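Peer 1: Need a 3D model of the following:
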Amino acid sequence: MADEDLQARRVDVMCAWTTFIEHGDVAAAVRPEILLSWGRARKARVSTEVEAAPMADESETDAVWRGSPLQAAVEAVGSELRRTAEDGDLVVAVTDPNSRILWTYGGRVMRNKAESVAFLPGGRWDDESVGTNALDLANRLDAPSMVFSAEHYARGLGNWVCWAAPVHDPVSGRRLGVLDLSTTWDRTHPIGLATARVMARLIETAIPYSHEHPSVRAEGTGEPGLVMTLLGTAETWLDGARLLLNRRQTEILALLALHPEGLSLEQLHAMVYGDQAVTFSTLKAEVSHLRRALGGQLASRPYRLLMPTATDVQQVLALIRGGHVVAAVEAYGGDLLPGTNSPALSELADYVAVALREALLADPQPDAVLRYSQELAPYDREVVESCLSRLDGAPHPTIPLLKGRLAVADR
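Peer 2: Numbers count the residues shown, from 1 in each chain. Presented below is the predicted three-dimensional model:
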């Protein structure tokens with residue numbers, strides 16, 4: 001975003017904030033979730049001059065962290081989280097479901113800024129304690145949230161921009177907390193929210209074995225193994241380190257991750273190439289490259305991965321099976337490997353997209369439908385109409401936005 005556009009945006013938000021604080025209304029367009037949060041903060045009599053978040057009991061916070069599945073997951077992928085913070089000079093935070101911070105790591109500049117406002121383990125960042133912020137919104141809405149500059153209720157946070165995304169147990173769908181990325185407002189970047197979503201998903205795939213989460217990591221395994229994001233954006237991590245693979249290698253690895261029982265050379269060839277005139281030797285060469293990249297953890301006869309694996313495809317399907325529609329929409333980052341010419345992956349892409357749509361038609365949760373219509377399927381009238389019909393005139397903050405999506409679809 002150009003500097004002048006960013007500055008103009010900040011001025012507009014500051015004007016809206018000032019009008020609300022002085023008169024209780026707004027003179028400019030403010031996102032509904034921000035306005036509702038401002039209202040909650042005012043009702044709770046939060047001071048706009050609050051300088052730092054109140055702190056929860058230290059020993060209690062430590063106990064919650066030690067008893068949370070988030071601790072093991074964050075430790076498993078900590079190198080990736082710290083690298084993100086250092087490369088972008090961000091502060092990264094993980095909270096519990098009540099927006100109490102359990103863990104943080106900051107880049108050189110942001111670390112000091114974070115300490116000055118109690119953006120630390122134990123800091124209570126619900127909006128009734130410190131006013132509007134992205135951690136609270138992501139927890140409250142169970143959806144990725146951004147708060148920019150003076151959208152923060154507290155005046156002292158007007159120099160911040162924060163992006164947060166909820167973290168769920170991938171099988172039960174239970175919300176465990178949020179992952180937040182924060183920096184100064186002038187460093188706002190369009191991919192900030194997407195980065196928070198990817199980091200939250202990375203934590204989800206590293207959550208240790210439990211009765212709720214048996215599919216992501218084998219019992220007793222100390223490493224997160226292979227983690228693949230295939231929906232919308234293709235990314236692959238091995239033990240917390242990102243792998244750089246070409247498109248065909250990603251397709252082959254995805255098929256192996258989705259078939260843990262293993263595939264013969266003939267099966268894998270058919271799934272990758274279909275009826276294309278590609279030799280078995282070409283496939284073997286690609287597999288050999290993958291075996292080197294995986295440190296030898298790829299067996300032959302049949303081809304089979306020798307480490308725990310997790311993909312966002314499996315996560316979304318598990319959430320749909322469990323009836324967790326909101327979490328499924330959040331985890332669905334987009335079409336599976338758009339443009340793939342693998343017949344097996346093309347078929348799976350259609351299956352996942354249709355399953356998600358049918359889940360929304362069966363249970364049209366307003367927040368999930370809004371995100372689906374805004375980011376995934378802007379011209380799908382039927383899903384939006386089913387949601388509005390289910391609401392049947394009952395008041396809900398998403399209604400104006402859903403009707404706006406219908407107007408866009410009509411065009």
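
Peer 1: show me where pLDDT drops low in the stretch 1-150 of the chain?
Peer 2: Judged against pLDDT under 70, the low-scoring parts of the stretch 1-150 of the chain cover residues 1-2, 27-28.

Peer 1: What segments of the stretch 151-300 of the chain are strands?
Peer 2: When assigned using DSSP state E, counting those that start in this stretch, the strands of the stretch 151-300 of the chain occupy the ranges 160-168, 175-184, 226-229, 235-238, 241-243, 298-299.

Peer 1: relative to strand 175-184, how tilted is the first one?
Peer 2: It refers to strand 160-168. 160 degrees (axes from the mean of the first three to the mean of the last three C-alpha atoms, to 10 degrees).

Peer 1: quick one: strands adjacent to strand 160-168?
Peer 2: Using DSSP bridges, the neighbouring strands of strand 160-168 in the sheet come out as strand 145-148 (antiparallel), strand 175-184 (antiparallel).

Peer 1: Distance from the shortest one to the middle of the chain?
Peer 2: The chain centre lies 14 Å from the centre of strand 145-148; the measure is C-alpha atoms, centre = their mean, to the nearest Å.

Peer 1: hmm, back to that, of the strands of the stretch 151-300 of the chain, which is nearest residue 34?
Peer 2: Judged by C-beta to C-beta, the one of the strands of the stretch 151-300 of the chain that comes nearest to residue 34 is strand 160-168, at 12.3 Å. No exception for glycine: its C-beta is placed from N, CA and C like everyone else's.

Peer 1: Adding mean neighbour count, write the strands paired with strand 160-168 out as JSON lines.
Peer 2: Converted to JSON lines, the strands paired with strand 160-168 look like this (neighbours: other C-beta atoms under 10 Å):
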{"stretch": "strand 145-148", "mean neighbour count": "25"}
{"stretch": "strand 175-184", "mean neighbour count": "25"}
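
Peer 1: how about a markdown table for those strands, with distance to residue 352 added?
Peer 2: Rendered in a markdown table, the data for those read as follows (distance: least, C-beta to C-beta, whole Å):
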| stretch | distance to residue 352 |
| --- | --- |
| strand 145-148 | 25 |
| strand 175-184 | 22 |
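
Peer 1: of the ones you listed, which approaches residue 316 most closely?
Peer 2: strand 175-184 (15.9 Å).

Peer 1: who touches the one helix or strand residue 352 maps to?
Peer 2: Assigned by DSSP states H and E, residue 352 falls within helix 343-362. Under the contact criterion C-beta atoms under 8 Å, 6 or more residues apart in numbering, helix 343-362 has outside partners 231, 251, 254-255, 258, 270-272, 274, 313, 316-317, 320, 325, 328-329, 332, 335-338, 340, 368-369, 372, 377, 380, 382-383, 386-387.

Peer 1: Among those, name the ones in helices.
Peer 2: Using DSSP state H, 251, 254-255, 258, 270-272, 313, 316-317, 320, 325, 328-329, 368-369, 382-383, 386-387 are the members of those that sit in helices.

Peer 1: about what we covered before: tell me which of the strands paired with strand 160-168 sits nearest to residue 11.
Peer 2: Among the strands paired with strand 160-168, strand 145-148 sits nearest to residue 11 (C-beta to C-beta), with 12.0 Å.

Peer 1: Dump that closest one to CSV, keeping only the CA atoms.
Peer 2: What follows is strand 145-148 as a C-alpha-only set of coordinates in CSV (Å, rounded to 0.1, in the frame of the first residue of the first chain):
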residue,chain,number,x,y,z
SER,A,145,-9.2,-10.3,12.4
MET,A,146,-7.2,-7.2,11.8
VAL,A,147,-7.1,-4.0,13.9
PHE,A,148,-5.4,-1.0,12.3
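
Peer 1: Where does pLDDT dip in the stretch 151-300 of the chain?
Peer 2: Scanning the stretch 151-300 of the chain for pLDDT under 70 picks out 171-172, 208-224.

Peer 1: follow-up on the earlier one: identify whichever of the strands paired with strand 160-168 lies nearest to residue 203.
Peer 2: strand 175-184 (6.0 Å).

Peer 1: how distant is the closest one from the center of its chain?
Peer 2: With C-alpha atoms, centre = their mean as the basis, the distance from the averaged C-alpha position of strand 175-184 to the chain average is 10 Å.

Peer 1: same deal with stretch 158-167?
Peer 2: The chain centroid and the centroid of stretch 158-167 are separated by 12 Å under C-alpha atoms, centre = their mean.

Peer 1: just stretch 102-118 next, same as before
Peer 2: Between the centre of stretch 102-118 and the centre of its chain there are 21 Å (C-alpha atoms, centre = their mean).

Peer 1: Which positions within that stretch qualify as buried?
Peer 2: Across stretch 102-118, burial judged by 16 or more other C-beta atoms under 10 Å covers 102, 103, 104, 105, 106, 107, 110, 111, 113, 114, 117, 118.
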